[in-house]
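Q: what shape does this take:
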Amino acid sequence: MTTSTPALRILAAVAAGAVLVGRPRGVVHVHAGALTRSGRAVPAAVRPYCGVRTRRLRVLATTTGDVTTAIAGHRFCRTCVTLLPARLGGGSGVLVTRDDWAEAYGDLTVADLHLAASWARTVDETYQVMTVLRQHGPKPIRPTTDDGRALAAAYDAVIARRRKLTSAAMTDDERAAVREAREVELFNRQHAEKQRRKNVAIEKAQQRALSGGYVTPGDRELLNSA
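A: Got it, this is the predicted structure:
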């Protein structure tokens, strides 16, 4: 049984019609009820998901595309996030199979998931975002369209966030071990490439010698080392 990351729940709620509201210096609340006639505020008698009683809340974002700018410098209300349904449109919060995740968050766009990646707080949450992102197809190897480039960028964002979170959770000894392993891997790759080039040069020198061509001192040195 898996409960989805807050990032997915927030974006799914906004995609389903909820809006983000708040005070200029307060936290960001999620609101799914009525708005004032202008559509710019929450009526005084209406409460956001958390039910908090506060001064009039202003609408900060009405679409997922507005979220990044709207919440700059703010944090989300923890109670609102906790009370949000785990599935788009409500329903059980249990997400087991890929079909469950597709049903719950299939309406989120690639841009939404790119944003969700930046909000991920744990490695496990990045895997949740990746699971939903795969519904849009595999990562393009050489994208030639804007959609393809956006999808590739979203995959890169998830992977980069996962690496950052993984590194942050490591101890100093673990980081040192990773650095050492990378240095060994780099040395082995460089050694293998050097040996490959030497083998190619030896093969060419052997072909020249067999064909009666001129064998340079360097060729003779290579042939003697073979």
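Q: which strand or helix spans the residue most central in space within the chain?
A: For the chain, the residue nearest the mean C-alpha position is residue 158 (1.7 Å; CA atoms, centre = their mean). Here residue 158 sits within helix 146-168, counting by DSSP states H and E.
Q: export that helix to CSV, keeping only CA atoms.
A: Extracted in CSV, the C-alpha atoms of helix 146-168 (Å, rounded to 0.1, in the frame of the first residue of the first chain):
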residue,chain,number,x,y,z
ASP,A,146,9.0,20.5,-28.1
ASP,A,147,6.9,17.8,-26.5
GLY,A,148,9.8,15.3,-26.7
ARG,A,149,12.3,17.8,-25.3
ALA,A,150,9.9,18.6,-22.4
LEU,A,151,9.4,14.9,-21.7
ALA,A,152,13.2,14.3,-21.7
ALA,A,153,13.7,17.3,-19.4
ALA,A,154,11.1,16.0,-17.0
TYR,A,155,12.9,12.6,-16.8
ASP,A,156,16.2,14.4,-16.2
ALA,A,157,14.6,16.5,-13.5
VAL,A,158,13.4,13.4,-11.6
ILE,A,159,16.8,11.7,-11.9
ALA,A,160,18.7,14.8,-10.8
ARG,A,161,16.4,15.3,-7.8
ARG,A,162,16.8,11.6,-6.8
ARG,A,163,20.6,11.9,-7.0
LYS,A,164,20.5,15.0,-4.8
LEU,A,165,18.3,13.4,-2.2
THR,A,166,20.3,10.2,-2.2
SER,A,167,23.6,12.2,-1.7
ALA,A,168,22.0,14.3,1.1
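Q: would you agree residue 136 is in contact with residue 112?
A: No. Assessed by CB atoms under 8 Å, residue 136 is found out of contact with residue 112, at 10.4 Å. C-betas here are computed from N, CA, C, even on glycine.
Q: neighbour count winner among those two?
A: residue 112 (26 against 17; other CB atoms under 10 Å).
Q: show me which positions of stretch 7-20 end up buried.
A: Going by neighbour count (16 or more other CB atoms under 10 Å), the buried part of stretch 7-20 is 7-15, 18-20.
Q: with the residues you listed in mind, which one is nearest to residue 215?
A: The closest of the buried residues of stretch 7-20 to residue 215 turns out to be residue 7 (CB to CB; 66.3 Å).
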